[in-house]
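Colleague: Here is the input, now give the coordinates:
(one chain, ligands or ions: 2)
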Amino acid sequence: MSSPKKFDLSVYLVTDSSLLPPGATLVDHVLKAIRGGATIVQLREKKMATRDFIKLGRELHEATKPLGVPLLINDRVDVAVAVGCEGIHVGWDDCSYEDARKLLGDDKIIGLSVSNKEQAEKAAAAGCDYIGVGPLYATKTKPDHSPPLGTQGLRSLLEYIATLPGPEGSHWGGAWGTKVPAVAIGGINLDNLHHVMYQSVSPQHENKKYLSGIAVVSAIMASPEPEEVCKKFRKMVDEVPPFAVRQSLYIELGNAKFKSIFQNVVINRPIVHHITNNVVKNFSANVTLALGASPIMSEDMSEFSELAAFKGGLVLNMGTSTREAQPMLLAAVKAANAHGNPVVFDPVGAGATSLRRETASMVVGNSFCDVIKGNEQEIMAVYGLDNVKQRGVDSDPAAAGSLEHKITHAKALAVRERNIVVMTGNVDIVTDGSNVCLCNDGHGFMGDVTGTGCSLGSVIAACLAANPLDKFVATCAAVCAYSAAARVAAGKKDVHGPASWQVAFLDTLYQLRHCREDAPQKGYPWWESLAERVEKR
Ligand SMILES: Nc1ncnc2c1ncn2[C@@H]1O[C@H](COP(=O)(O)OP(=O)(O)OP(=O)(O)O)[C@@H](O)[C@H]1O
Ligand SMILES: Cc1ncsc1CCO
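Modeller: Ligands and ions are numbered 1, 2, ... in the order given. Predicted coordinates for the structure are as follows:
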């Protein structure tokens, strides 16, 4: 019987010497990747003669062993035995698990590839030490691969794997499926990593299974800077805790906590990259500035990566977007995802036309948006309800159904996307799929001034960027403060209608900048009681 083994799959480098940049050597390249944070290495040489494969394996093992990074050989048990490395990874056309175990002994690591339920069952029956699940996306490094699973397919396969007991009497104790470490493989790069990590777990499913890491080939092997690239992979894998775990933590929605969210905006002054509609650009920039954050509007793909490197937030609003702009929208989210920056997506008018539906599903299906914020019909359309009929960009509260109906859909979207959903309306709903907060504040003038929903996206993005570890609370604080400021502004003596209200609203939001100062502000410090206005469900 094989024994439990300790190894770290966080960043699993699979080599392919044909991808190396000119002048690079395999051993040196792998060492650089390890310096950057690769935790385990698989030597994969499909076309090399046995003698050369063993020679290369020995050379590489001499380098990896002192660093404590396990070296596995792809397919070839004979090579693994000759090299004396830590184990092998086998596919279904290769040596069987049982033969490999016989030849290698109990102490070596043996991993199996899993692309479907049938292979998962076989891997469970074998009780292998880890599984490589994929291909996640189509990839040139393995042209003969099975059809890509996509994140949805990966998630359901992981859920299935979690149900498999494993071999009787093994050290897994009948819980192979929940315990066996799994890495995702196939086309994973820095752009899609966030999406993969978040999307691979169903937060409310009883068969919860997390990835233990990601396996990468070309993004590291073909890079001229393997150490730098690996550092980025490692940082993202380490910094993105499984979302569902964070969701179950105690969520503090007190006044002091809310104030600290805005204080952090002033202290960190995050940059907020906006791709937003032509109607609200100026107002959204001023709302962002009022809080103490720094807005920038840019729609040129060539600068997205540099902008994302400032580590701020992204507002993606498709209010006046065109079909031609779709690749640009996606490029912006991917740049933000690659840097781990929060993204607030506003699917303006998603329930109104087929182009808008298409754009919204293109963004949501191909990237990770930390927050999807929209009015009732927009959220329902993004969720995929066909019968949503939105007239233009505004919502029709009468058509949206009861509050409970709205909460159900907002939650369902958050569960599906593993993110936070804000559904605005006369009552704003904020949910991460398990927690639900309602904010019944604001003022009717908000519906009479265009872009109040859009600029709420700027406030959420600023709060998320300044409070990256408190995303749910930051979103609640943003929504509550925004609508409280609207109410407070409407009560000012010089406010007579939407136009004067808009000016007073900006002034009121601006007061939030001073919420860190103890000295009493002129007038009522309205932010002191924000949390009391939130209803927690
Ligand atoms: N009747 C109302 N009473 C109070 N507040 C409201 C009302 N209607 C909307 N709001 C507030 O207005 C803000 C924007 O919500 P709304 O649902 O109008 O967004 P939207 O349709 O996306 O707006 P826009 O497209 O104009 O930017 C939210 O903070 C919401 O609470
Ligand atoms: C009026 C309008 N049209 C497209 S975007 C927008 C701003 C409010 O959503």
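Colleague: residue contacts, residue 199?
Modeller: 151-152, 154-155, 368, 417-418 (CB atoms under 8 Å, 6 or more residues apart in numbering). Heads up, the C-betas are built off the backbone N, CA and C, glycines and all.
Colleague: Tell me the residues of the stretch 401-537 of the chain that contact ligand 1?
Modeller: Counting by CB under 6 Å from any ligand atom, the stretch 401-537 of the chain comes close to ligand 1 at 424-426, 428, 442-444, 446-447, 450-454, 456, 482-483.
Colleague: Show me which of the contacts of residue 199 are buried.
Modeller: 151, 154-155, 368, 417-418 (16 or more other CB atoms under 10 Å).
Colleague: Among the contacts of residue 199, which lie within helices?
Modeller: Mapping the contacts of residue 199 onto helices (DSSP state H) picks out 151-152, 154-155, 417.
Colleague: From these, which shows the smallest pLDDT?
Modeller: Model confidence across the ones in helices among the contacts of residue 199 bottoms out at residue 152, which has 74.
Colleague: how much space between it and ligand 2?
Modeller: Going from residue 152 to ligand 2 by CB to the nearest ligand atom, to the nearest Å gives 30 Å.
Colleague: And residue 344, by the same measure?
Modeller: Distance from residue 344 to ligand 2, by CB to the nearest ligand atom: 14 Å.
Colleague: With residue 369 instead?
Modeller: To ligand 2, residue 369 is 18 Å away according to CB to the nearest ligand atom.
Colleague: Do you know the pLDDT at that residue?
Modeller: Note for residue 369: predicted pLDDT of 90.
Colleague: Residue 81 too?
Modeller: At residue 81, the pLDDT value in this model is 96.
Colleague: Then residue 140?
Modeller: Reported pLDDT at residue 140 in the predicted model: 67.
Colleague: How far does stretch 297-317 sit from its chain's centre?
Modeller: How far stretch 297-317 lies from its chain's middle: 17 Å, per CA atoms, centre = their mean, to the nearest Å.
Colleague: Then stretch 309-325?
Modeller: Taking CA atoms, centre = their mean, one finds the center of stretch 309-325 at 17 Å from the center of the full chain.
Colleague: That stretch: which residues count as buried?
Modeller: Across stretch 309-325, burial judged by 16+ other CB under 10 Å covers 310, 312-319, 321.
Colleague: Which member of the ones in helices among the contacts of residue 199 is positioned nearest residue 119?
Modeller: Closest approach to residue 119 among those (CB to CB): residue 154, at 13.7 Å.
Colleague: ok, the contacts of residue 199 vs ligand 1, which is closest?
Modeller: Taking CB to the nearest ligand atom as the measure, ligand 1 sits nearest to residue 417 out of the contacts of residue 199, at 18.3 Å.
Colleague: was I right about the closest one contacting residue 367?
Modeller: No - here residue 417 lies out of contact with residue 367, judged by CB atoms under 8 Å, at a distance of 10.4 Å.
Colleague: hmm, back to that, quick check: which of the buried residues of stretch 309-325 are also close to ligand 2?
Modeller: Among the buried residues of stretch 309-325, the residues lying close to ligand 2 (CB under 6 Å from any ligand atom) are residue 319.
Colleague: Dump the buried residues of stretch 309-325 to CSV, plus pLDDT, distance to residue 501 and secondary structure.
Modeller: Output for those, formatted as CSV (pLDDT from 0 to 100; distance: CB to CB, whole Å; DSSP: H, G, I helix; E, B strand; the rest coil):
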residue, pLDDT, distance to residue 501, secondary structure
310, 90, 33, coil
312, 94, 29, coil
313, 96, 26, strand
314, 97, 28, strand
315, 98, 23, strand
316, 98, 27, strand
317, 98, 22, strand
318, 97, 26, coil
319, 95, 21, coil
321, 94, 28, coil
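Colleague: Pick out whichever of the buried residues of stretch 309-325 sits closest to residue 110.
Modeller: Distance to residue 110 across the buried residues of stretch 309-325 (CB to CB) is lowest for residue 314, with 42.5 Å.
Colleague: Contacts only, for that closest one.
Modeller: Counting by CB under 8 Å, 6+ apart, residue 314 touches 272-275, 308, 332-333, 336, 341-344, 461.
Colleague: beta partners of it?
Modeller: residue 273, residue 343 (DSSP bridges).
Colleague: That one and ligand 1: what is the separation?
Modeller: Noted for residue 314: a distance of 17 Å to ligand 1, by CB to the nearest ligand atom.
Colleague: Nothing else from me, thank you.
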